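Asker: A predicted structure for the sequence below; I have some questions about it.
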Amino acid sequence: MATWGLWYYKWNGSGYEVLSDWTDQKFDYIIVTDGGEGGTEGKTTKYSGPGYTNGYNDAGELIEKIENQWLSGRNYIVEIPYFYVPPSGGKKARPQNYWLGWIDGAAAWGSSRLKGFYWSLENIFYIQAGKLSRYTIEAIWARIMENRREYGQNYQFIWIPSLRSLFVSRRFSSEQDVLEAVAYETDVPNIANYFNKVFIQPGYYFMNIRGQTISGGIPYTYSLFVDILKTIHNYMPSNVSIEMEADGTVRANDDAEKYACDYIKAQKEALGYLWSDRAYYFDTEEITVD
């Protein structure tokens, strides 16, 4: 059994800011990733330019902060930032050469406490949508493997895609339609072999506390949640499990606390046990997960 917990920082345009309020080794691996106002997936990570050297230096600067100031002595996994925000606004994918430089820079600057890399793209069907190439994932995985050999480190490659990106991708006609989409319309079965672990974000907690339905007006009920977990277990590769989800709302709202606790209950009902490897999202405050 191992656990991975998300820990947040952001680049404010001139310097780094820490967002998470905890620094202990609460989880086996701390996933260091960007967040805050403006989004995640790299949108609030420094982007100095499109080249290999830009990626190398940007990663080195971040690693220095992580190891010497933020999480000294902790085992961590660093993100590979997917997007950047251009001056005109919106978001664009960083170039592949930038990502290769980022991986090399992180490995060069990191100590033995760097345990791997987190692919920060959350969209679960970008390849099927024609917005990302399988070759890109393969090239990134290959560069991580090269650095494993060079530095003698058993780097992990982690992905935490979101089912909510699937649930808004088209209109669904029924719960069965949703379950078939989870089984057959994501990138996970096609690229999971490149990752050590894939933790799917079910989205059950956030969609319910926000009163959202799956596109087509289908409520995200507890029974559907259980069936989705069964589908993940039955149709996904063995290195796939889920992310546990909650935020600060659980401390002030009984319904939110119930939805968060349903993640334990639903796993036991769907599988008969809890997935032994789990990722945890709990916003930025330690008290939420405690």
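Answerer: That came in fine, so what should we check first?

Asker: hey, where'd the helices end up in the stretch 1-150 of the chain?
Answerer: 52-65, 96-109, 134-151 (DSSP state H, counting those that start in this stretch).

Asker: Which neighbouring elements make contact with the second one?
Answerer: Pointing back at helix 96-109 there. Other helices and strands packing on helix 96-109, by 3 or more CB pairs under 8 Å, 6 or more residues apart in numbering; DSSP states H and E, are helix 52-65, strand 76-80, strand 114-119, helix 134-151. Every C-beta, even on glycine, is put in place using the N, C-alpha and C of the backbone.

Asker: Which one of those lies nearest to Asp187?
Answerer: Closest to Asp187 of the helices and strands packed on helix 96-109 is helix 134-151 (CB to CB; 8.3 Å).

Asker: Any chance of CSV for the helices and strands packed on helix 96-109, columns distance to Gly101 and mean neighbour count?
Answerer: Converted to CSV, those look like this (distance: least, CB to CB, whole Å; neighbours: other CB atoms under 10 Å):
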stretch, distance to Gly101, mean neighbour count
helix 52-65, 3, 20
strand 76-80, 11, 24
strand 114-119, 13, 24
helix 134-151, 9, 15
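
Asker: what's the closest non-adjacent residue to Gln267?
Answerer: Spatially, and ignoring its direct neighbours in sequence, Gln267 is nearest to Leu274 (4.9 Å; CB to CB, 6 or more residues apart in numbering).

Asker: part of a helix, is that neighbour?
Answerer: No: going by DSSP: H, G, I helix; E, B strand; the rest coil, the assignment for Leu274 is coil, not a helix.

Asker: tell me which residues in stretch 205-216 are buried?
Answerer: 205-209, 214 (16 or more other CB atoms under 10 Å).

Asker: With respect to Gln267, which of the residues you listed is nearest?
Answerer: Using CB to CB, Tyr205 comes nearest to Gln267 of the buried residues of stretch 205-216, at 13.5 Å.

Asker: mind checking how far that closest one is from Asp262?
Answerer: The spacing between Tyr205 and Asp262, counted by CB to CB, to the nearest Å, is 8 Å.

Asker: hang on, the earlier thing: farthest pair within the buried residues of stretch 205-216?
Answerer: Ile209 and Ile214 (15.1 Å).

Asker: returning to that earlier point: distance to Arg278 added to the helices of the stretch 1-150 of the chain, as TSV?
Answerer: TSV is the format used below for those (distance: least, CB to CB, whole Å):
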stretch	distance to Arg278
helix 52-65	26
helix 96-109	24
helix 134-151	22
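
Asker: Mind putting the ones you listed into CSV with distance to Asp255 and mean pLDDT?
Answerer: As requested, these are exported to CSV (distance: least, CB to CB, whole Å; pLDDT from 0 to 100):
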stretch, distance to Asp255, mean pLDDT
helix 52-65, 37, 98
helix 96-109, 40, 98
helix 134-151, 38, 98
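
Asker: For Thr231, find the nearest of those.
Answerer: Closest to Thr231 of those is helix 134-151 (CB to CB; 22.6 Å).

Asker: From the chain's centroid, how far away is that closest one?
Answerer: Its chain's C-alpha centre and that of helix 134-151 lie 18 Å apart, by CA atoms, centre = their mean, to the nearest Å.

Asker: Many thanks, have a good one.
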